[in-house]
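Enquirer: Sequence plus predicted model, see below.
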Amino acid sequence: MVGELILFLALFTNFIGVALILLFGVGRRRLVELVSVASTLISFLASVLLQIVVNNNTILTIAGITFRVDAISKIFALMVNLIGFLSTLYSIGYMHSERDYVRYYSLFVLFIGSMTNLVLTDDILHLFMHWELIGLCSALLIAYWWWKEEARIAGVKALVMTRMSDIGLAIAVAYALMHGITSISRLESSIIPSFVSIAIVLSAIGKSAQFPLHTWLPDAMEGPTPVSALLHAATLVKAGVYLVLRFSNVIIADTMAANILFIALLATLFLASLAGLVAYDIKRVLAYSTVSSISIMLLAIIQKNYALAVLYFISHATFKAMLFYTAGVVEHSAHSRDMRIVHGLYHQNFKFEAIAFVIGALSAAGIPPLFSGFVKEHILEGLTGVVPHAVALTISSLLSFMLALFIMRAAIITFFYGKPEKVFEHRIDWYMAIPIAVLLVVVLLLPLPIVNICSVCIDTSDIYSINAILLISTLIGILASILYLYKAPTTLVAESPWEELRDFIESSLYLDKAYMALGKVFYKNFAALASSLHTGKPSNFLLYLLIFVLVVMILAVLVHIL
Amino acid sequence: MISYEQLLILVTLSSVTLMALATIVLKRLGRRYDFIPIYIAIATTLVQMAIALSIRGLTGLVGVVSALVSLISEGYIISIRRYIYTPRKVLISMLLVLFNSLTMLVTLATTTQVNDIIKLFIYWEGLSYTTIAALNIRHTREEYEATMKYVLVCVIGSLMALIGIVLSVAECDSTSISVILSRASVPSKMFIVIGFLTEAAVFPFYFWVPDADVSMLSTLAIMHMGAVTPVATYVAGLFAYNGGALIRNLVSALSILTAFIGSLASLFQSDFRRLLAYSTVAHMNYLVLAFANNVVDYGALHILAHALSKVPVFLIAYTMLEMMQIREVGYAYMWDNSLARYVIVASSLGLLGLPPFLTFWSELFIFLKIFALGSIFHLYAALFFIVIVVSTGYAFKIIYSCVKKSESDGDRMSVQNPKAALLLLATTSSASIILFMLQGYIISYFF
């Protein structure tokens, strides 16, 4: 009974909050903010209680829907609600001048509630429903500033690209229903055909922004920063990780599905590292960092290192949210995210942000003793179990170097390179500062408490060992980023002769441009063709009808003869 | 004991007679009382809804949708009266009542309670004539053109269907639909299917649909797109499913092709109502696909889901046209009203088939059930899913119409806000969200 009550609070408080916001929120900003913070806080506290009170592998039923409380779902629910709560708090400061706050908070809280349901449900149909709902919430939040063309395009792009891949999960649901199994716990332990495993992988690739469907995520930066933080740290892209983790048995058992995923991950890692290295938009760099971090988590799952995947998920959720909150303060103050305009902020009054960002970037780079450093090294080390030793070592060293270089480049330029041309007003309030401070403490103290939490259900032994080669590669990457301090200012400000090459790399070797061109061709040609088919002329109709009847008759005769 | 069929005919005839009598009496009393026929229509619609709830099955659900759309139409006419003048209210009231009954009678004719192809044909023709009447409320040139196209389709379709019916009755020596479905030859069934398909918005027969939906008075057009065309898809689908593998596959493939055409063509439209009309073409073909593959329960649910999303936004487009002379979808932002914006956004999202809207369940289960049929149906299901994704384009085109996109765009217009009408439409849009949570109960009640 207590378990059900806690689960109910974790699952449905946010939905009740959304209903209250929509019903009573118009014209009452403070009430909306209060309800949003209160509902996300209650949901977070319930997730904490769920961790403590409810035993693993418990199946609970609420309103006819079965929910599964186990190590994975508990940790995911906890992180979703922690980041959800902090992001809501941050939103109060960041969005304080927004007039359309009812739309913002209702979608934001719905997003968190839906993700919580997604990770706790044991019903695949229910999971699919929330899978689609988080897709819709994210698209509408990305396009929140819908008077901006970039935001509008980014919203539709995110929805179309993720939804295209949703067909995979829909196929899995169809298979489950065909066999009368809607329980995920039963499904994951049964033998399922190869095409279903591949379909699940396809779905995860789309939602988690992996190659070749990764191009929507950097564009999604057009949304408000708290949305980016939520989307990257705990919700949308993590849904794909959760799905692969849940169905890891069936995916790994199918060689083709596992191979497809592995190739997609390697391609993503390299493309994201390269793109991150040339991007000038701070949030876009963070987006490329997320794309690569997700690849690392999925890589751990392929290696059957589930504990490492979960630990990296926890670590990534905290440092990535902190990085976004900090970038949000910069954007809020400078009204720009372009490092060519916003740089050298440490020399102004942005010391707190600089410290937080650098620690976050070092975490993303994966340098011990920060927790993510240990975990990332172990995951990259695990490549030896998948590919030959020499190849694994080359790939992992190169990745360690590139991942460290590109994220640290952003930190160095934004906060330490030169002095900005103009003085930016430092705009940060307590609502924005507290989440950054909380996450800074968590990131620094993460190793101890997190291992304690995870050790209950996850084997965390040997986590603190260090691989010298990978550590050196990462250090070289970090040191190389310092070279940006000496880069001539003109290359940052003026149009570079390498601009075209930079564009080529940032658009994932023109893949993104190819998608956009395809979309335009599709619109201009197919939509125009479809539209022109309808002439509205009766004579055309009669002709079509005659042809149709003739074709049908010929087919009927052919079928009869054959 | 009076049958449902007799009851429906009795109720309709009584109502129409009452309206005619009331008109004669009220003509002397002046325009103050010209809403009386609408009130009679509301009372009749409520009775028809009660009958539909009692019949259950597909007929019941279709009847409920039809009655619901009718009530929205009647409620809208009353609530908007201070802002938009509605002509010929007696005729409109009669047509709404007739549409309600005939949609139910057509589907009832296919059930075991009636099971008669001659009656089906008669009711079908009744529905066609009612549509012709609905197309000529205002006697505009646009209406005449749309009527001529429809008449052409109607005549050819009816002839085709009649040839098929005569052949099949002669072959089976019976007018029973179940006997014909099981024993008639493929060519006979093919004629029947082609005949009924002409009114089901399937390529190449759909050419009259966008014109008819745009030209028809919108308070009747919503009835046409919400209940009448869906009934045509059911009848065509029923005969296609029982017409053998060739017809079934052909109709399934055509329905997907038309859904693609509808979704893509709507993306290309600038006229708000025409865009919605093309979207209707796409959704009608979801229904054809469902019914042609015997997915009756969720096909029927999609009729309800589609109506709840389409009707409010279509009436918003009509209101904008009548009150602000805004025809283009891109200028919806000029109406500075949050309720209107809510209706546009909620309805458009509903047309996308995403949660928390009822269309999510209907489209998902159509996909799942077609996928479960195996072999070639895997492909149909996958293509169906892609069509749904393609619909994102036009849905977001409508959603983004609520926002001013550049400084060169005109400013918002200050117009009187028909609060009652907007509240009615907003409630209808919200009903899709509420029924989203009750889909299981709806299916178990009716099927």
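Expert: Happy to help now that I have it. Treat the numbers as computed from the prediction; the structure is a model and nothing was measured.

Enquirer: hey, let's count contacts and neighbours off CA atoms from now on
Expert: Noted.

Enquirer: roughly how far apart are residue B:344 and chain A?
Expert: Counting by Cα to the nearest Cα, to the nearest Å, the separation of residue B:344 from chain A is 14 Å.

Enquirer: Just to check, that residue is in contact with residue B:313?
Expert: Yes. Assessed by Cα atoms under 8 Å, residue B:344 is found in contact with residue B:313 at 5.5 Å.

Enquirer: Show me the residue sitting in the middle of the chain in space.
Expert: Because you didn't say which chain, this covers chain A. Taking Cα atoms, centre = their mean, the centroid of chain A lies closest to residue A:237, which sits 2.6 Å from it.

Enquirer: OK, contacts around that one?
Expert: The contact partners of residue A:237, by Cα atoms under 8 Å, 6 or more residues apart in numbering or on different chains, come to A:207-209, A:231, A:294.

Enquirer: go on, residue A:158?
Expert: Contacts of residue A:158 (Cα under 8 Å, 6+ apart): A:135, A:138-139, A:216-217, A:220.

Enquirer: Recalculate using a threshold of 10 Å.
Expert: A:135-136, A:138-140, A:142-143, A:164, A:206-207, A:209, A:213-220 (Cα atoms under 10 Å, 6 or more residues apart in numbering or on different chains).

Enquirer: ok, which of the residues you listed also contact chain B?
Expert: A:135-136, A:143, A:164 (Cα under 10 Å from any Cα of the partner chain).

Enquirer: Redo those as JSON lines? Include pLDDT and secondary structure.
Expert: JSON lines is the format used below for the ones next to chain B among the contacts of residue A:158 (pLDDT from 0 to 100; DSSP: H, G, I helix; E, B strand; the rest coil):
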{"residue": "A:135", "pLDDT": "94", "secondary structure": "helix"}
{"residue": "A:136", "pLDDT": "95", "secondary structure": "helix"}
{"residue": "A:143", "pLDDT": "94", "secondary structure": "coil"}
{"residue": "A:164", "pLDDT": "92", "secondary structure": "helix"}
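
Enquirer: and these, which two are the farthest apart?
Expert: The span of the ones next to chain B among the contacts of residue A:158, defined through Cα to Cα, is set by A:143 and A:164 at 18.6 Å.

Enquirer: Of the two, which one has the most company?
Expert: Relative neighbour count places residue A:143 above the other of residue A:143 and residue A:164, with 26 against 20, counting by other Cα atoms under 10 Å in any protein chain shown.

Enquirer: and the more buried one, backbone torsions?
Expert: phi -90, psi 20 (degrees, to the nearest 10).

Enquirer: Close to chain B: what parts of the stretch 251-400 of chain A are there?
Expert: Residues of the stretch 251-400 of chain A lying close to chain B (Cα under 10 Å from any Cα): none.

Enquirer: cool, the stretch 451-562 of chain A as well?
Expert: Near chain B, when you scan the stretch 451-562 of chain A using Cα under 10 Å from any Cα, you find A:522-545, A:547-549, A:552-553, A:555-557, A:559-560.

Enquirer: if we can go back for a sec, name the nearest of the contacts of residue A:237 relative to chain B.
Expert: residue A:207 (14.8 Å; Cα to the nearest Cα).

Enquirer: Fine by me, we can end here.
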